[in-house]
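Peer 1: Mind folding the following:
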Amino acid sequence: MRLDVISSGDRPGQRRLPPWLKRPLPGGADFVVTRRIVAESGVATVCEDAKCPNLAECWSRRTATFMILGHRCTRRCHFCSVETARPATPEPDEPERVARAVAELGLRHAVITAVARDDLPDEGAGQFARCIRAIKDQEPGVVVEVLPADLHARLELIETICAAGPDIYNHNLEMVERLTPKYRPQGRYRRSLDVLRMVKNVVPELITKSGLMLGLGETRAELVQAFDDLRAVGCDVLTLGQYLSPGPGTAPVAKYYPPEEFADLGNLARARGFLSVASAPFVRSSYNASEVFEQLVGRRPLRGSSEPRTASPSPSVGC
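Peer 2: Below is the predicted model:
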């Protein structure tokens with residue numbers, strides 16, 4: 001049974017949110033510590049640049065998701081607040097700074113994402129590999145999850161990242177096929193599926209993960225088709241979360257899905273065989289990523305996995 005959704009039919013300029021989409025303001029000693037460590041690292045975070053609504057919660061638990069290769073993206077996706085401009089040259093010491101920040105935060109699960117770097121010959125794949133190795137060298141027990149752009153589905157670049165030994169390879173489908181050309185003009189729905197398929201071909205046991213934003217005007221049938229498309233390429237983990245327009249000039253919200261419908265869609269996805277599904281309004285690609293990984297540890301052999309180290313305070317990565 002399909003549940004009703006609430007339309008965002010506010011007047012232009014208004015972004016009135018339903019009560020289940022309210023979040024607390026940042027605060028607390030751990031929030032301050034996280035902000036300091038992030039600032040001292042000199043590495044961008046998707047928490048800040050993408051205006052993630054979970055920033056207060058995650059930083060108050062001393063967690064953050066690092067965004068390597070700078071603040072500027074070579075692509076212009078209409079749902080994203082990251083600046084589109086000519087990026088700077090990658091910084092050679094960035095991997096070591098990321099690894100140091102991971103250690104200082106006490107993470108046992110680190111998520112590394114990046115802006116799209118279509119300007120680079122390797123599109124940033126080499127920097128991802130160096131970050132993975134730097135973290136593993138400094139903290140061997142840390143689980144590393146990577147979230148690269150599509151890299152134009154170039155097999156040699158996907159192999160570069162996989163060879164560095166990530167524990168999870170995450171690449172977001174973002175939205176249903178019909179909406180992709182409108183809101184993600186430099187991306188390709190089928191190309192993103194090809195990326196996930198290639199990862200499985202390169203390292204069959206490597207966990208693959210993808211996410212969809214809800215609320216851009218998709219239909220239930222289109223979402224189910226996306227679930228099936230992801231399973232067809234062997235995707236193991238799925239995240240479903242509410243799209244929230246990050247600011248003026250970005251795509252408007254077409255619908256606010258209530259928690260009950262997220263639960264319903266999550267059940268539909270689980271029925272298709274995903275090993276793990278997170279479906280709720282505030283779910284994002286790396287939100288509670290550590291907990292998701294730990295649920296999978298006993299369910300399948302993991303390439304190069306080891307027991308997570310004990311970390312305190314809270315070890316999971318959010319945003």
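
Peer 1: show me the contacts for residue 283.
Peer 2: Taking Cβ atoms under 8 Å, 6 or more residues apart in numbering, we find residue 283 in contact with 211, 239, 240, 241, 262. Bear in mind the C-beta positions are built from the backbone N, C-alpha and C, glycine included.

Peer 1: can we see that at 10 Å?
Peer 2: 54, 211-214, 238-242, 262, 266, 277 (Cβ atoms under 10 Å, 6 or more residues apart in numbering).

Peer 1: Please verify my assumption that residue 238 contacts residue 271.
Peer 2: No - using Cβ atoms under 10 Å, residue 238 is not in contact with residue 271; the gap is 11.8 Å.

Peer 1: Can you list the residue ranges for strands in the stretch 1-150 of the chain?
Peer 2: Here the stretch 1-150 of the chain has its strands, by DSSP state E, counting those that start in this stretch, at 6-7, 44-45, 66-68, 109-114, 143-147.

Peer 1: Next, show the common contact partners of residue 238 and residue 271.
Peer 2: Going by Cβ under 10 Å, 6+ apart, residues that sit against residue 238 and also against residue 271 are 227, 277.

Peer 1: re earlier: just give me the closest of the contacts of residue 283 to residue 284.
Peer 2: Nearest to residue 284, judged by Cβ to Cβ, of the contacts of residue 283 is residue 241 at 5.4 Å.

Peer 1: Go ahead and confirm residue 251 touches residue 80.
Peer 2: Yes - with contact defined as Cβ under 10 Å, residue 251 counts as touching residue 80 (9.2 Å).

Peer 1: which residues are common contacts for the two?
Peer 2: Common contact partners of residue 251 and residue 80 (Cβ under 10 Å, 6+ apart): 183, 184.

Peer 1: angle of the longest strand along the chain against strand 143-147?
Peer 2: Using DSSP state E, we find that the single longest strand of the chain is strand 207-214. On the basis of axes from the mean of the first three to the mean of the last three Cα atoms, to 10 degrees, strand 207-214 is oriented at 50 degrees to strand 143-147.

Peer 1: Output the contacting helices and strands for strand 207-214.
Peer 2: strand 143-147, strand 168-170, helix 189-202, helix 220-232, strand 237-242, helix 259-270, strand 276-279, helix 289-297 (3 or more Cβ pairs under 10 Å, 6 or more residues apart in numbering; DSSP states H and E).

Peer 1: Name every strand pairing with the shortest one and say which way it goes.
Peer 2: Spelled out, it's strand 168-170. If you go by DSSP bridges, strand 168-170 pairs up with strand 143-147 (parallel), strand 207-214 (parallel).

Peer 1: May I have the longest one as PDB, with CA atoms only?
Peer 2: The one in question is strand 207-214. Once non-C-alpha atoms are left out, strand 207-214 reads as follows in PDB (Å, rounded to 0.1, in the frame of the first residue of the first chain):
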ATOM      1  CA  ILE A 207      31.100  -4.600  -0.500                       C
ATOM      2  CA  THR A 208      29.400  -2.200  -2.900                       C
ATOM      3  CA  LYS A 209      27.000   0.500  -1.800                       C
ATOM      4  CA  SER A 210      24.700   3.100  -3.400                       C
ATOM      5  CA  GLY A 211      22.200   5.700  -2.400                       C
ATOM      6  CA  LEU A 212      19.100   7.500  -3.700                       C
ATOM      7  CA  MET A 213      17.600  10.900  -2.700                       C
ATOM      8  CA  LEU A 214      13.800  10.900  -2.500                       C
END
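
Peer 1: for the record, mean pLDDT for it?
Peer 2: The average pLDDT within strand 207-214 is 96.

Peer 1: what angle sits between that strand and helix 220-232?
Peer 2: 170 degrees.

Peer 1: Okay, angle between strand 207-214 and strand 237-242 too, please.
Peer 2: Using the same axes, to 10 degrees: strand 207-214 against strand 237-242 is 20 degrees.

Peer 1: centre of the chain versus strand 207-214, how much separation?
Peer 2: The chain centroid and the centroid of strand 207-214 are separated by 8 Å under Cα atoms, centre = their mean, to the nearest Å.

Peer 1: Give me the buried stretch members for it, please.
Peer 2: Neighbour-count burial for strand 207-214 flags 207, 208, 209, 210, 211, 212, 213, 214 (criterion: 16 or more other Cβ atoms under 10 Å).
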